[in-house]
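A.B. asks: Sequence and predicted structure, then a few things I'm wondering about:
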Amino acid sequence: MYLDGQGGSVDLDRAEVLLDQAVALGVREGVFQKAFLFRARGDRAGYFRNIRDAASMGIVPAQYQLALCYKRGDGVPIDSARALQIMRATAKLGHVGAKLSIARRLLSNPLRPVDFLTGLFLYIYAFLKGIYLVFRNPSSDQFR
């Protein structure tokens with residue numbers, strides 16, 4: 001609420017206090033949400049550290065965000081091989097965004113028919129799963 005201004009004004013200091021309390025109580029989601037506090041403040045290294053910590057706790061959306069950090073160089077040097085490794089592992093856990101990312105990668109090379117068809121199937125499957133989750137469980141870890 002204080003982090004994104006939903007229901008009131010943005011107050012990053014208040015958000016930090018509340019997230020620190022959540023983390024102290026052992027709420028793993030607090031570590032993940034605190035990453036976005038660092039991002040809002042423009043602290044890319046802090047964002048990466050918190051995403052990495054949340055991913056190591058097994059939070060699937062954090063694992064997806066970690067792969068994107070490595071892919072884009074967000075708070076860490078670009079490492080395409082590491083990004084792909086994490087993205088594949090996250091896709092195996094059922095994350096829709098990770099599946100779409102892997103599918104787009106496979107679709108980018110039409111000269112390899114097996115990869116192309118695999119990518120096409122994966123893209124359609126992930127797209128349909130995303131639509132299903134939007135209506136059934138939009139807060140699912142597979143979707144966010």
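C.D. replies: Yep, that arrived. Numbering: from 1, shown residues only.

A.B. asks: tell me the domain ranges of the protein?
C.D. replies: 1-86, 94-144 (automatic domain parsing).

A.B. asks: what's the average pLDDT for the last one?
C.D. replies: Mean pLDDT, domain 94-144: 88.

A.B. asks: rewinding a little: mind putting the domains of the chain in CSV, mean neighbour count included?
C.D. replies: (C-beta placed from N, C-alpha, C; glycine too.) Converted to CSV, those look like this (neighbours: other C-beta atoms under 10 Å):
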stretch, mean neighbour count
domain 1-86, 17
domain 94-144, 15
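
A.B. asks: what comes into contact with the longest helix seen in the chain?
C.D. replies: Across the chain, the longest stretch assigned as helix under DSSP state H is helix 113-136. Contact partners of helix 113-136, identified using C-beta atoms under 8 Å, 6 or more residues apart in numbering, comprise 94, 96, 99-100, 102-110, 140, 142-143.

A.B. asks: The residue of the chain positioned farthest from its centre sits in which helix or strand?
C.D. replies: Note on the chain: the largest C-alpha distance from the chain mean falls to L111, namely 30.0 Å (C-alpha atoms, centre = their mean). Using DSSP states H and E, no element contains L111; it sits outside every helix and strand.

A.B. asks: Quick one: end-to-end distance for stretch 131-144.
C.D. replies: Taking C-alpha to C-alpha, to the nearest Å, the first and last residues of stretch 131-144 lie 13 Å apart.

A.B. asks: likewise stretch 65-78?
C.D. replies: In stretch 65-78, first residue to last residue: 14 Å (C-alpha to C-alpha).

A.B. asks: Show me the contact partners of that stretch.
C.D. replies: Residues contacting stretch 65-78 (C-beta under 8 Å, 6+ apart): 35, 44-49, 51-52, 55, 79-80, 82-84, 86-87, 90, 98, 101.

A.B. asks: Same check on stretch 32-45?
C.D. replies: Contacts of stretch 32-45 (C-beta under 8 Å, 6+ apart): 3-4, 10, 12, 15-16, 19-20, 22-23, 46-47, 49-51, 54, 59, 61-62, 65, 74-75.
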